[in-house]
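[1] Fold the following and give me the result.
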Amino acid sequence: MATKIFDVSLGDAGQDRSGIEGYDRALLLLREGRRPVGQVTVPIRNGTVSGAEVTRAIPAFTLELAAACSAEAKLCSPVAAPELLATVAICTRERPDDLRRALAALMRLETPASILVIDNCSTETLTRQVVESFPGVKYVMEPNKGLDNARNRALRESETDIVAFIDDDAVADRYWLDAILTAFADPEVGCVAGLTMPYELENDAQEQFERLAGFSKRGFVRRIFRMPGTHPLATGQIGAGANMGIRRSVVEKIGYFDPALDAGTATQSGGDHEYFTRLLRGGYTIVYEPAALNWHRHRRTPDEILKAVHGYGVGVYASWTRSLLVDREFGVLRRAVEWFLYEQLPSLIRSFIRPASVAPRAVIMAELRGCMKGPFAYLKARRIARESGHV
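    Predicted coordinates for the structure are as follows:
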């Protein structure tokens, strides 16, 4: 199964779209002006997407949200992005094709910014060659392996107010950075996370990744996260490091990313969500802004999906282990028990009784094995980071 992806104005959603071969379904991202307000998925019949079928599929909530956005635009003066300077940082390792696509999209940004590529411990020169083909893009080699080491290097290299992070396998919308900077107008905002849609859904594996672990589930409504209303350990709902902006001054209060977390270490993930926890604990506000849109190229094979879900499980428990050991956040223990009893265990049981109602059992087990591995992975990664002088 393959799904063709469209990015359309809500007003044009009712038009037929023909000449679409090789796809079973269509996913349409719907916008009101610049702002994404919803999505619908409809079948493709005889190479055509029926506009009438799309119109019938649009939820009432999407229409209400679009009307509210339109009314706000008419009644209120446009909010200009604050006078903040930004650096867009891509942390990458040996994915030149993805990087080239990501940089090409950044060249089309509505808002100008410095662009910085952190090459994390590459063993070849292709990354540098790609960067050199884009004039004005700065290349920096970070010799210490690990995504959080690369993020920290980006924060140190930047001299701007904001550092906007985007993954090398993601493509920024033209208005992505403008939306991030506008959300930083409130000086209490320490971080902005955006909406990430699938860049392609070309096979069953990518469809499954979007269904099980896709970033678009956070939705199309702007949300504000701060304590005490937000549990500091429930940061998965906020966003992801593939699409986030950090106010650089927060480092002075809460420090840098933990180099023992995320890709390139034994913990495999979790660095972004652990940092969200510290931001909330530090008294900062985090904004989820769906207008800050980018598109992510999902994993393309079943093995990659299992590896990713396993890595997410490792990262969650690794980040919680860090919160317990370093920050003395004893609520981690209760959170882990609740997650297992109320979400993971019921899903595992349903996978035997009603398999079609939950994720495949192999995926559930991959996550559980990752969770069990997480604490030990963090201890190992922290020891390595300490020996290298990064903790």
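[2] Poorly predicted segments of the stretch 1-150 of the chain, please.
    Scanning the stretch 1-150 of the chain for pLDDT under 70 picks out 73-82.
[3] Would you map the helices across it?
    Ranges of helices in the stretch 1-150 of the chain, per DSSP state H, counting those that start in this stretch, are 51-57, 60-75, 96-106, 126-132, 147-157.
[4] just those helices: most buried one?
    Among the helices of the stretch 1-150 of the chain, helix 147-157 has the highest mean neighbour count (mean count of other CB atoms under 10 Å), at a mean of 24. C-beta: built from backbone N, CA, C; applies to glycine.
[5] what about the strands in this protein?
    3-9, 25-32, 35-43, 86-92, 114-120, 138-142, 162-166, 170-172, 189-198, 223-225, 243-247, 285-296 (DSSP state E).
[6] Rebuild these as JSON lines, extending it with distance to Q268.
    Below are the strands of the chain laid out as JSON lines (distance: least, CB to CB, whole Å):
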{"stretch": "strand 3-9", "distance to Q268": "28"}
{"stretch": "strand 25-32", "distance to Q268": "28"}
{"stretch": "strand 35-43", "distance to Q268": "29"}
{"stretch": "strand 86-92", "distance to Q268": "15"}
{"stretch": "strand 114-120", "distance to Q268": "14"}
{"stretch": "strand 138-142", "distance to Q268": "18"}
{"stretch": "strand 162-166", "distance to Q268": "18"}
{"stretch": "strand 170-172", "distance to Q268": "18"}
{"stretch": "strand 189-198", "distance to Q268": "19"}
{"stretch": "strand 223-225", "distance to Q268": "24"}
{"stretch": "strand 243-247", "distance to Q268": "18"}
{"stretch": "strand 285-296", "distance to Q268": "17"}
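[7] Can you say which of those strands is nearest to D262?
    strand 86-92 (9.5 Å; CB to CB).
[8] Which residues does that closest one contact?
    Identification of contacts with strand 86-92 by CB atoms under 8 Å, 6 or more residues apart in numbering yields 98-99, 102-103, 106, 109, 111, 113-120, 127, 142, 147, 150-151, 154, 157-168, 172, 177, 180-181, 245.
[9] distance between it and the chain's centre?
    Remark: strand 86-92 is offset 14 Å from the chain centroid, using CA atoms, centre = their mean, to the nearest Å.
[10] likewise stretch 19-29?
    For stretch 19-29, the separation from the chain centroid amounts to 24 Å (computed by CA atoms, centre = their mean).
[11] repeat for stretch 303-312
    16 Å.
[12] Can you list the buried residues in that stretch?
    Residues of stretch 303-312 classed as buried by neighbour count (16 or more other CB atoms under 10 Å): I305, L306, A308, V309, H310, G311, Y312.
[13] Tabulate those (TSV), appending distance to G22 and pLDDT.
    Output for the buried residues of stretch 303-312, formatted as TSV (distance: CB to CB, whole Å; pLDDT from 0 to 100):
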residue	distance to G22	pLDDT
I305	22	92
L306	26	94
A308	26	94
V309	28	95
H310	31	97
G311	31	97
Y312	31	96
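[14] between the residues you listed, which is closest to A266?
    G311 (10.4 Å).
[15] Next up, phi/psi of the closest residue to that closest one other than its chain neighbours, please.
    Spatial nearest neighbour of G311, chain neighbours left out: Q268 (3.5 Å); criterion: CB to CB, 6 or more residues apart in numbering. Torsion angles at Q268 (phi, psi; degrees, to the nearest 10) stand at phi 70, psi -30.
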